[in-house]
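Engineer: let me see the structure of the following:
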Amino acid sequence: MKTLKALTANQVGESTQEVFTAIKSKVGMLPNLYAAMGNSPQLLKGFLAFEETLKQGIFSAKENEAIALAVSQANNCNYCLAAHSAMGKMFGFSEEEVIDIRLGKSSGKLKALTQLATELTEERGNASEAAVSEFLAVGYSHEALAELIGMVAIRSITNYLYSNGAFEIDFPKAANLEELATA
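Structural biologist: The predicted model follows:
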């Protein structure tokens, strides 16, 4: 049963209203995911702080979006696939590249990154030695591995929130991979 609803500014306390206003001024809208996260002011504030800290880490904006796409695909989160497909394109991925990431068909360093993100998600943190070795072999560090684990965790939070949410996707819908495979 999906019960977490997207809240309006009138339904939350003053401190959460301020966070909603800050998100809206930064993003241009209050995405329903954040409005639903507002059911817990502590989760909303903590999530945003953790996300902002990780975005200042090792990975580029494109790599962060690739991680988000891989994790959201592994968790089958249609909301986050829509949001990160749109954001991935804003950061320079083509539609084809977004689909390739989701299908696990990227190459080089990006493949090692997204493969490990997918394994960490699907195997509940227990990625294979081969995936970790490949990640390190293409030039990522142990610091990057630690940050990747954090990125997988933070994306899983949003994926799980949508899985339990009763709110609409407010981004252009992401391509359905099953439909693309039969086209």
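Engineer: surely residue 89 touches residue 101?
Structural biologist: No. The criterion here is Cβ atoms under 8 Å, and residue 89 misses it with residue 101 at 11.6 Å. Bear in mind the C-beta positions are built from the backbone N, C-alpha and C, glycine included.
Engineer: now the helices: where do they sit in this structure?
Structural biologist: If DSSP state H is used as the criterion, the helices of the chain fall at 14-27, 32-37, 41-55, 61-74, 78-90, 95-103, 108-122, 129-137, 142-163, 177-182.
Engineer: higher neighbour count, residue 89 and residue 101?
Structural biologist: Using other Cβ atoms under 10 Å as the criterion, residue 89 and residue 101 rank with residue 101 on top: 27 against 15.
Engineer: near the nearest residue to that one once chain neighbours are set aside, how many residues? Count them for me, please.
Structural biologist: Leaving aside its sequence neighbours, residue 101 sits nearest to residue 69 (Cβ to Cβ, 6 or more residues apart in numbering; 4.7 Å). Counted by other Cβ under 10 Å, the residues lying close to residue 69 total 30.
Engineer: what does stretch 71-86 contact?
Structural biologist: If you take Cβ atoms under 8 Å, 6 or more residues apart in numbering as the criterion, stretch 71-86 is touched by 31-33, 65, 68-69, 98, 101-102, 117-118, 121-122, 151-152, 155-156, 158-160, 162-163, 165, 169, 171-175, 177.
Engineer: now residue 116: how far from residue 15?
Structural biologist: Residue 116 sits 37 Å away from residue 15, going by Cβ to Cβ, to the nearest Å.
Engineer: of these two, who's got more company?
Structural biologist: Neighbours per residue, other Cβ under 10 Å: of residue 116 and residue 15, the larger number sits with residue 116, 27 against 11.
Engineer: contacts only, for the residue nearest the centre of the chain.
Structural biologist: The residue lying closest to the centre of the chain (Cα atoms, centre = their mean) is residue 68, at 3.3 Å. Residue 68 sits next to 80, 84, 87, 88, 151, 155 when contact means Cβ under 8 Å, 6+ apart.
Engineer: most neighbours among these, which one is it?
Structural biologist: The member of the contacts of residue 68 surrounded by the most neighbours (other Cβ under 10 Å) is residue 84, with 30 neighbours in all.
Engineer: ok, for that residue, nearest residue in space, not its chain neighbours?
Structural biologist: In this structure, residue 84 finds its nearest non-sequential neighbour in residue 68, 4.1 Å apart by Cβ to Cβ, 6+ apart.
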